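Q: pasted the sequence and its predicted model underneath.
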Amino acid sequence: MSYLLPRLTTKKEVDQAIRDTAELVLVLRFGREHDPVCQQLDDILFKTSNLLSKMAAIYTVDVDSILVYTQYFDITLIPATIFFFNGQHMKVDYDRPDHTKFIGSFRNKQDFIDLVEVIFRGAMRGKVMVRSPIDPRNVPKYELLYKDI
């Protein structure tokens, strides 16, 4: 399904999307086109893109093509979904150690819709970090491992 979503292929395109997307939540899905979990997430993103068109702009980014952002956001697990609003990186408290990105796929369309709506409403109020409306049982679990500390 990723072929149905707009794709950003260069660092310049990602920079421009972050800089130029105004008054909308920018959703960047980092992953690989042929990964089954990425395909599941892309299906959810595509099915909700029309419903969220007044609140969000959704793009896919290949982790292998734009290594600068892959390293900057420390994307080691895919898919990773990152949110921005007016050029500001939005953080979400998922009751997990990492608030900068959502790792894995959403369980259903409603979880994604609720999350984008909470981010949008929080950002419109000037918040940089919001609390996730997703049931903690539906958030994928993973462990953070820090190298060379």
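A: That came through, no problem.

Q: centroid-nearest residue for the chain?
A: By CA atoms, centre = their mean, the mean C-alpha position of the chain lies nearest to T81, the distance being 2.3 Å.

Q: any figure for the gap between that one and D43?
A: Distance, T81 to D43, by CB to CB, to the nearest Å: 14 Å. Heads up, the C-betas are built off the backbone N, CA and C, glycines and all.

Q: what of V116?
A: For V116, the distance to D43 - CB to CB - is 16 Å.

Q: which residues does K101 contact?
A: Going by CB atoms under 8 Å, 6 or more residues apart in numbering, K101 touches F30, F73, I75, A80, T81, I82.

Q: at 10 Å instead, please
A: K101 sits next to 28, 30, 73-75, 77, 79-83, 89, 91-92, 94 when contact means CB atoms under 10 Å, 6 or more residues apart in numbering.

Q: so among those, which ones count as buried?
A: 28, 30, 73, 75, 77, 79-83, 91-92, 94 (16 or more other CB atoms under 10 Å).

Q: list of residues touching the helix or strand hosting D42?
A: In this structure, D42 is located in helix 36-49 according to DSSP states H and E. The set of residues external to helix 36-49 that reach it, using CB under 10 Å, 6+ apart, is 1-6, 27, 29-33, 35, 52, 56-60, 62-63, 77-81, 102-113, 116, 140.

Q: repeat that for 8 Å
A: Residues from elsewhere that reach helix 36-49, judged by CB under 8 Å, 6+ apart: 1-2, 4-5, 27, 29, 31-33, 56, 58, 60, 78-79, 81, 104-106, 108-109, 112-113, 116.

Q: looking at the chain, which helix is longest?
A: Of all the elements of type helix in the chain, the one with the most residues (DSSP state H) is helix 109-124.
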